[in-house]
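S.K.: no sequence for this one, just the structure:
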């Protein structure tokens, strides 16, 4: 027999599966709503990649070929770095403010929370990448052989990878100071080894081997495939799959760092 | 008036919380030592003791967020931390846990969507959110950013989150700390109203002893152990004290003397 419990409106025990679509979208909407109260962060996220590309275009004013190479790679690297920073700070705040403990004491699946964050920041990444790609292709004369949609696809996968890495490292940071220091620790080595400064096969074999296991290398390789080939090559598909796979793997590792019970 | 009990899967005569040989270790320190107690349903139980005596750890164990808990701890007929308890318990941490960059209403709307998801429930959620805001007397601030509110107002937003839906057990960690006397009186009136009309069980911690008088039952804690588990009246009578504070001090002295006696006989 089930009757109502009280004068208030009773709650039916809601299911607590691994993923619940409405809880995920509610979380994504909440993250975006938080950002909307912070227009400066949105402006910085969206404008800085464009400004950097603009700067780069005129740094390499005399050698447009170099701009093509570096510009295409950077279109993949910017979303990764921005999303890494934003996610690591946002989830760290969630952990330190007690809202994470509160959410995990509620019927929220860890998958809901992570997918919610990925969805919210993924949306922002699409806007950021679309603007940067559009600017580079149509105003700065970036010369790309392949389809701009493929550039956008890689940029989006990179953003997802950045979100995943940010979520993961936030578990190891006790403060915002530590969280921002993870950027040089996690991102800079990948930046040096990803083939942005010199082709990866020119590096010391040991470094080349390391670069072979870093996901950002494949993001840059993928961008270069689009730069040089008109259609989707097998190499491009492999690179995109590796970046996506890494993002998923790190997201799962990130989920494992969310504990309902803590000391 | 016990009609609320008919929906419970567990027997209504059972206590809301039952602990047997409960131990909690945090790092190298044993924070809770061999606790045995019960918390009756439909009443306000005060958890009192000095700062650092283990009140918050005990509350975290009850809501299932504390690691390294050993012994038996049953909450509403299930082991603490059981997934079905997550919609039945309202929990307020000591520091307000709300999003500073959302308005009061947006904060509550999000937590309501986690507790009661889906489009079909939108109206019910709206109703619950409006009622919870009114319960903590923040209707005039509903559209203010939580980060712009005063400390006391923010802790009331945090409290409102726990009042969403109709939790059968409310675990409140120092909900009235830093609030002015008028607000404290109003909140205690609200707590009594929740216990009386909704039949909910409330476990409220405080280190301010004068709040003890407002509870139906008291658990007095010190250094990870329970000194007394009784009604305020019985405590005062037993210790021949005027106030609960005096009773507490009497019990502390008694415990210290007993410990010293034990040591010298060894």
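M.R.: Perfect, thanks for sending it. Worth saying up front: this structure is predicted, and the values here are computed from it rather than measured.

S.K.: Please enumerate the strands of the chain.
M.R.: No chain specified, so I'll use chain A. Using DSSP state E, chain A contains no strands.

S.K.: wait, chain B
M.R.: Under DSSP E, chain B gives strands at B:17-26, B:29-39, B:44-48, B:69-75, B:78-79, B:89-92, B:169-173, B:201-206, B:217-222, B:225-230.

S.K.: packing partners for the third one?
M.R.: For strand B:44-48, the elements it packs on are helix B:55-63, helix B:181-198, strand B:201-206, strand B:217-222, judged by 3 or more C-beta pairs under 8 Å, 6 or more residues apart in numbering or on different chains; DSSP states H and E. All C-beta atoms are positioned from the backbone trio N, CA, C, and that covers glycine.

S.K.: any chance of the ones you listed in a markdown table, plus mean pLDDT?
M.R.: Formatted as a markdown table, the helices and strands packed on strand B:44-48 follow (pLDDT from 0 to 100):
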| stretch | mean pLDDT |
| --- | --- |
| helix B:55-63 | 92 |
| helix B:181-198 | 89 |
| strand B:201-206 | 92 |
| strand B:217-222 | 91 |
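
S.K.: Quick one: closest of the ones you listed to chain A.
M.R.: With C-beta to the nearest C-beta, the closest approach to chain A among the helices and strands packed on strand B:44-48 belongs to helix B:181-198: 4.2 Å.

S.K.: Same question for the closest one: list its buried residues.
M.R.: B:183, B:184, B:187, B:188, B:190, B:191, B:192, B:194, B:195, B:198 (16 or more other C-beta atoms under 10 Å in any protein chain shown).

S.K.: Now narrow these to whatever sits close to chain A.
M.R.: Contacts with chain A within these, as defined by C-beta under 8 Å from any C-beta of the partner chain: residue B:198.

S.K.: can you tell me which residues contact the residue in the stretch 51-200 of chain A that chain B sits nearest to?
M.R.: For the stretch 51-200 of chain A and chain B, the shortest gap (C-beta to the nearest C-beta) falls at residue A:98, measuring 3.2 Å. Residue A:98 is in contact with B:93, B:95, B:96, B:97, counting by C-beta atoms under 8 Å, 6 or more residues apart in numbering or on different chains.

S.K.: Show the contacting residues for the first one.
M.R.: Residues in contact with residue B:93 (C-beta under 8 Å, 6+ apart) are A:98, A:101, A:102, B:56, B:158, B:173.

S.K.: Backbone dihedrals for it, both of them.
M.R.: Main-chain torsions, residue B:93, degrees, to the nearest 10: phi -80, psi 170.

S.K.: next one: the last one
M.R.: Backbone torsions of residue B:97, given as degrees, to the nearest 10, read phi -110, psi 80.

S.K.: what about the closest residue to chain A within the stretch 1-150 of chain B, neighbour count?
M.R.: As assessed by C-beta to the nearest C-beta, chain A sits closest to residue B:97 within the stretch 1-150 of chain B, at 3.2 Å. Using other C-beta atoms under 10 Å in any protein chain shown, residue B:97 has 24 neighbouring residues.

S.K.: Leaving out chain neighbours, which residue sits closest to residue B:103?
M.R.: residue B:143 (5.1 Å; C-beta to C-beta, 6 or more residues apart in numbering or on different chains).

S.K.: ok, now how distant is that neighbour from residue B:115?
M.R.: 22 Å (C-beta to C-beta, to the nearest Å).

S.K.: Residue B:128 too?
M.R.: From residue B:128 to residue B:115 the distance is 9 Å (C-beta to C-beta).

S.K.: so what sits against both of these two?
M.R.: Joint contacts of residue B:128 and residue B:115 (C-beta under 8 Å, 6+ apart) are B:164, B:165.

S.K.: The contacts of residue B:93 into CSV, with extra columns for distance to residue B:62?
M.R.: Formatted as CSV, these follow (distance: C-beta to C-beta, whole Å):
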residue, distance to residue B:62
A:98, 16
A:101, 14
A:102, 15
B:56, 11
B:158, 17
B:173, 11
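
S.K.: Name the nearest residue to residue A:30, sequence neighbours excluded.
M.R.: residue B:110 (4.3 Å).

S.K.: didn't the one you found look like it was pressed against residue B:102?
M.R.: Yes. With contact defined as C-beta atoms under 8 Å, residue B:110 counts as touching residue B:102 (7.1 Å).

S.K.: Verify the stated contact: residue A:170 with residue A:179.
M.R.: Yes. Using C-beta under 8 Å, residue A:170 is in contact with residue A:179, at 6.1 Å.

S.K.: which one of the contacts of residue B:93 has the most neighbours?
M.R.: Highest neighbour count within the contacts of residue B:93, by other C-beta under 10 Å: residue B:158, with 26 neighbours.

S.K.: Tell me who's in contact with the residue lying closest to that residue once chain neighbours are set aside.
M.R.: Nearest non-adjacent residue to residue B:158, counting by C-beta to C-beta, 6+ apart: residue B:96, 3.9 Å away. Residue B:96 makes contacts with A:98, B:146, B:151, B:154, B:155, B:157, B:158, as judged by C-beta under 8 Å, 6+ apart.

S.K.: Of those residues, which belong to helices?
M.R.: Using DSSP state H, the subset of the contacts of residue B:96 located in helices is B:151, B:154, B:155, B:157, B:158.

S.K.: In this model residue B:180 seems to touch the first one, though I could be wrong.
M.R.: No. Contact criterion C-beta under 8 Å: residue B:151 and residue B:180 do not qualify, at 11.2 Å.

S.K.: Show me which residues of the stretch 51-200 of chain A are close to chain B?
M.R.: So the stretch 51-200 of chain A meets chain B at A:97, A:98, A:99, A:101, A:102, A:103, A:104, A:105, A:106, A:107, A:108 (C-beta under 8 Å from any C-beta).

S.K.: out of those, who's nearest residue B:202?
M.R.: residue A:105 (16.5 Å; C-beta to C-beta).

S.K.: Now do the lengthiest helix in chain A: which elements does it pack against?
M.R.: Criterion DSSP H: the longest helix present in chain A is helix A:64-96. Counting contacts by 3+ C-beta pairs under 8 Å, 6+ apart, helix A:64-96 packs against helix A:39-59, helix A:99-104, helix A:110-134, helix A:148-170, helix A:176-186, helix A:215-228.

S.K.: Mind putting the ones you listed into TSV with mean pLDDT?
M.R.: Below are these laid out as TSV (pLDDT from 0 to 100):
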stretch	mean pLDDT
helix A:39-59	89
helix A:99-104	89
helix A:110-134	88
helix A:148-170	88
helix A:176-186	88
helix A:215-228	89
